[in-house]
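[1] no FASTA, just this:
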């Protein structure tokens, strides 16, 4: 409408949290005892994941990348929001920030714990990310 | 029924292949140009994934682990079958074999290409896997 | 001594760059065509590494983590400086930032290219890192 | 010399074990409590590494890949032998088998524990590895 600034898309954080909590309930985290759930909003749809640990720790997968993989497999590409649920509000690890940055720059990120939440942004969490353009020689 | 050996569960390979091909169509593989789709049958349900590459190559995710993550997030634990689709029948990498071995020992694996397929088994692909019991000190 | 501010340790950036360049010459980067060398100063000694790529891209290793691994294997723990050499000044990926953050917080990082360099700091590159304390439930 | 079969190179397992044990003493394994050391013989020289764990478990590095990275950074390419030391003889995880297979096919592997050792081979541990030739489309 004329005279109005363009509005960012509404993010249904409650729906993201519900999806992330449901995935978290299925986390396979016998080694860390630290179950995590994550959900991403991508191209308007919600995709969730949990951590999938492995006896060989480096082979495990974090919840954020599991959620991202679900989004990509469904054909979504543009990441619009990320929500992470753990016992306390917990920042994604650097590896997950890097994975997410492949699909979005300034993405709102909500970190939810049992008591309260923190709002941040992927651009804050991973300044000057390593992107495809960096591979030029 | 008395006097009969227990039958292994029927595996609907056609349904697994359909799910894997659908995921493969969404693969994010701009760096390798090698799109892969995978599907796992776990606790009777099918879960699929594709590779999700990253500008920082080690941060990428293979299709097999993406499919496994979808299964785990859905609450499935017992892996009953794995199917992988690529241009040619292609063995999972060692990392994916290790990830799958966390959830199953003798699991039939079907490797599908554009022309033909190969049948194998996780126990053949990863003998003496590294398992949780190995972490005892 | 009274009246004097405590001085940070001197960092021999030239020695770090020499070590990183020597390692870079041995990089195994046939898939990306993007050879990288890195060096870390840890507990006063210099350790270098290069990227070690793999046909299964996620199995590869970045130069920064290779250098870190060399430092740790030699018994060093406190990371005092990191230098990365590529064709152009290139930020470490998020995974490497996370790996380095395990061993140091505010660590000067120098990104060197064929023509010029950029100075930054690990605390800038990875704000609110995921650390061992976050694993408390 | 005519009439004689070519002999395989002599492998100094004692030297490999000494290097692996020295690296293992420096392992950073606070999360698993499972320190591992590894050594590779490559192009005639010995290179060692230990596991380097991270609060974000998937960001960690296994000893075998750390040793491989040291070899590659030093310019070695042909892996001739691998030795792994842990409390008990322990097979490399699938990810490390994949990493090693990039640089050698039939490579003798010795798994050493506090009491006794097991001899095996990379070709046994990772049949039909995923190699660069598989990336052809």
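    Alright, I've got the coordinates. Since this is a predicted model, take the numbers as computed values, not measurements.
[2] so which strand or helix has residue A:124?
    Assigned by DSSP states H and E, residue A:124 belongs to helix A:122-125.
[3] that helix vs chain D: in contact?
    No - contact of helix A:122-125 with chain D is not found when judged by CB under 8 Å from any CB of the partner chain; the minimum separation is 13.4 Å. For glycine as for every other residue, the C-beta is placed from the backbone atoms N, C-alpha and C.
[4] give me the contact list for that helix.
    With CB atoms under 8 Å, 6 or more residues apart in numbering or on different chains as the test, helix A:122-125 has contacts from A:79, A:82, A:91-92, A:97, A:100-101, A:104-109, C:127-128.
[5] wait, what's in contact with the closest residue to residue A:91 other than its chain neighbours?
    Nearest non-adjacent residue to residue A:91, counting by CB to CB, 6 or more residues apart in numbering or on different chains: residue C:128, 4.5 Å away. Going by CB under 8 Å, 6+ apart, residue C:128 touches A:91, A:120, A:125.
[6] surely the first one touches residue C:131?
    In this case it means residue A:91. No - assessed by CB atoms under 8 Å, residue A:91 is found out of contact with residue C:131, at 9.3 Å.
[7] tell me which of these two has more neighbours.
    residue A:91 (21 against 16; other CB atoms under 10 Å in any protein chain shown).
[8] kindly report the residues of chain A close to chain B.
    A:23, A:25-28, A:30-31, A:48-50, A:52-56, A:59, A:61, A:65-66, A:68-70, A:72-75, A:77, A:95, A:98-99, A:102, A:130-132, A:134-135.
[9] where exactly do the helices run in chain A?
    Using DSSP state H, the helices of chain A run over A:13-24, A:63-73, A:94-101, A:122-125.
[10] and among the ones you listed, the most buried is which?
    helix A:63-73 (a mean of 30; mean count of other CB atoms under 10 Å in any protein chain shown).
[11] and it, what does it pack against?
    helix A:13-24, strand A:37-42, strand A:45-50, strand A:79-85, helix A:94-101, strand B:45-50, helix B:63-73 (3 or more CB pairs under 8 Å, 6 or more residues apart in numbering or on different chains; DSSP states H and E).
[12] now that helix: average pLDDT?
    Here helix A:63-73 scores 98 as its mean pLDDT.
[13] try stretch A:106-126
    Stretch A:106-126 comes out at a mean pLDDT of 97.
[14] give the contact list for the nearest residue to residue A:49 once chain neighbours are set aside.
    Using CB to CB, 6+ apart and skipping residues adjacent in sequence, the residue nearest residue A:49 is residue A:66, 2.6 Å away. With contacts defined as CB under 8 Å, 6+ apart, residue A:66 is in contact with A:23, A:38, A:49, A:50, A:51, A:52, B:66, B:69, B:70, B:72, B:73.
[15] do residue A:86 as well
    Counting by CB under 8 Å, 6+ apart, the residues that residue A:86 touches are A:24, A:34, A:35, A:36, A:37, A:111, A:112, A:113.
[16] the last one and residue A:83 touch, don't they?
    No - applying CB under 8 Å as the test, residue A:113 and residue A:83 come out as separate, 11.8 Å apart.
[17] which of those two has more residues huddled nearby?
    residue A:83 (29 against 14).
[18] pLDDT weak spots in chain A?
    Applying pLDDT under 70 to chain A picks out residues A:1-9, A:137.
[19] coming back round to it: for residue C:43, state which of the contacts of residue A:66 is nearest.
    residue A:51 (32.7 Å; CB to CB).
[20] so what's the residue nearest to residue A:60 when sequence neighbours are not counted up against?
    Among residues not flanking residue A:60 along the chain, residue A:53 sits closest, at 4.1 Å (CB to CB, 6+ apart). In this structure, residue A:53 makes contact with A:28, A:29, A:30, A:31, A:32, A:60, A:61, B:102, D:57, judged by CB under 8 Å, 6+ apart.
[21] mind doing that once more with 7 Å?
    A:28, A:29, A:30, A:31, A:32, A:60, D:57 (CB atoms under 7 Å, 6 or more residues apart in numbering or on different chains).
[22] was I right about the second one contacting residue A:37?
    No - the pair formed by residue A:29 and residue A:37 falls short of the contact definition of CB atoms under 7 Å, at 10.6 Å.
[23] those two: which is more packed in?
    Remark: of residue A:29 and residue A:37, residue A:37 carries more neighbours, 29 against 17, as counted by other CB under 10 Å.
[24] residue A:136: neighbour count?
    Residues near residue A:136, counting by other CB under 10 Å: 9.
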